[in-house]
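Peer 1: Okay, predicted coordinates and the sequence, questions at the end:
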Amino acid sequence: MPSATTPQAESDVVTNGAGAVGSGIVAHTDGVPPGDDSPLIISLRDVSKRYVTEGRTVHALQNIDLEVRRGEFLVLVGRSGCGKSTLLNLLGGLDKPSSGSVLVAGQDLALMNEASLTQYRRDTVGMVFQFFNLMPLLTVLENTILPALLAGKNKQQSEARGRELLTAIGLGERIAQQASLLSGGEMQRVAVARALINDPPLLLADEPTGNLDSQSAEAVLAALKSLTQREGKTVVMVTHSREAAQQGTLIREMRDGQFVSNDEG
Ligand SMILES: Nc1ncnc2c1ncn2[C@@H]1O[C@H](COP(=O)(O)OP(=O)(O)OP(=O)(O)O)[C@@H](O)[C@H]1O
Ligand SMILES: [Mg+2]
């Protein structure tokens, strides 16, 4: 009888998966995408977002479809105002679509009430922004575990997990240091560890290297990449940097609230 636990052949982990997932992929990258059998974590169907200010309507997102598998490192690029942050805000449960459905980890965000969204933001997504917003007088470890303590988790266990994350991200030696004494790249890596302390499967990053010199940016990108490869996390990152975009498994360009499709280039 054949064994039920035949390990997946190494050759199954193909490196060209990025080309197979729908339209709007504008470039191939150095990243190794997850296999086609990896489950979907994000599924957007016909999502639009309109803002009305002073009688004027802005179509920030227009009829967007998007599917992202677990373990993917998706990079969103495009000119200022094309809708990148709007899309991240919808995925982060910070805002609701005007129409369409936003499914993340099996939850339909458009249908959730404020209490469920609060729980979603705590358990399912971590967010990292351009400005890291650390508490300057707290230590690296204290900053990292703050969201866990706010969620009512055990302090010792949170500290253990915090140490583990900080070590994985290359800050194992700086745990007891005051946050204000770190470099920009180090602060941003603390922000990444903090976003992961409650172990969300999805990490959203809005220009996380926008404020960093190229060496610090590289360290942050390496940390994000290793999360997808070693911990199976999914990362969606907005960037204006060509080099940063190359770290993804998939790059999609946006224009006027839509994905640019292949043939438009
Ligand atoms: N809260 C809001 N109220 C009104 N309009 C908004 C709001 N948020 C975004 N917009 C508009 O929606 C459009 C998309 O904005 P968004 O912030 O998503 O762009 P972006 O691609 O992230 O740009 P950038 O690269 O400059 O950060 C813009 O025209 C913006 O002015
Ligand atoms: Mg933005």
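Peer 2: Good, I have the coordinates. All values reported here derive from a predicted model rather than from experimental measurement. Ligands and ions are numbered 1, 2, ... in the order given.

Peer 1: Look up the closest residue to Arg50, ignoring the ones flanking it.
Peer 2: Counting by Cβ to Cβ, 6 or more residues apart in numbering, Arg50 lies nearest to Ser98, which is 4.6 Å off, once chain neighbours are set aside. All C-beta spots, glycine's among them, are computed from the backbone N, C-alpha and C.

Peer 1: Show the contacting residues for that neighbour.
Peer 2: 48-50 (Cβ atoms under 8 Å, 6 or more residues apart in numbering).

Peer 1: how close does it sit to ligand 1?
Peer 2: 12 Å (Cβ to the nearest ligand atom, to the nearest Å).

Peer 1: Go through the helix or strand hosting Leu227 and flag the buried ones.
Peer 2: Taking DSSP states H and E as the definition, Leu227 sits inside helix 214-230. Burial within helix 214-230, assessed by neighbour count using 16 or more other Cβ atoms under 10 Å, is assigned to 216-221, 223-225, 227-228.

Peer 1: quick one: which of those residues is nearest to ligand 1?
Peer 2: Distance to ligand 1 across the buried residues of helix 214-230 (Cβ to the nearest ligand atom) is lowest for Ala217, with 16.7 Å.

Peer 1: On the pLDDT front, check that closest one for me.
Peer 2: At Ala217, the pLDDT value in this model is 89.

Peer 1: Most neighbours of all the contacts of Ser98, which one?
Peer 2: Neighbour counts for these (other Cβ atoms under 10 Å) peak at Lys49, which has 23 neighbours.

Peer 1: Ramachandran angles for that one?
Peer 2: phi -140, psi 120 (degrees, to the nearest 10).

Peer 1: Relative to Leu250, how far out is it?
Peer 2: Counting by Cβ to Cβ, to the nearest Å, the gap from Lys49 to Leu250 is 22 Å.

Peer 1: I figured Arg122 hits Gly152, correct?
Peer 2: No - between Arg122 and Gly152 there is no contact under Cβ atoms under 8 Å: 10.0 Å.

Peer 1: and these two? which has more neighbours close in?
Peer 2: Of the pair Arg122 and Gly152, Arg122 is the one with more neighbours under other Cβ under 10 Å, namely 17 against 7.

Peer 1: show me what contacts that one?
Peer 2: Taking Cβ under 8 Å, 6+ apart as the test, what Arg122 contacts is 147, 151, 198.

Peer 1: mind listing what's buried in the strand or helix carrying it?
Peer 2: Secondary structure assignment for Arg122, by DSSP H and E: helix 114-123. By 16+ other Cβ under 10 Å, the buried positions in helix 114-123 come out as 117, 120-122.

Peer 1: Check stretch 45-65 too.
Peer 2: Result for stretch 45-65 [16+ other Cβ under 10 Å]: buried residues 45, 47-49, 60-61, 64.

Peer 1: between those residues, which is nearest Ala110?
Peer 2: Nearest to Ala110 among these: Val47, at 8.5 Å, using Cβ to Cβ.
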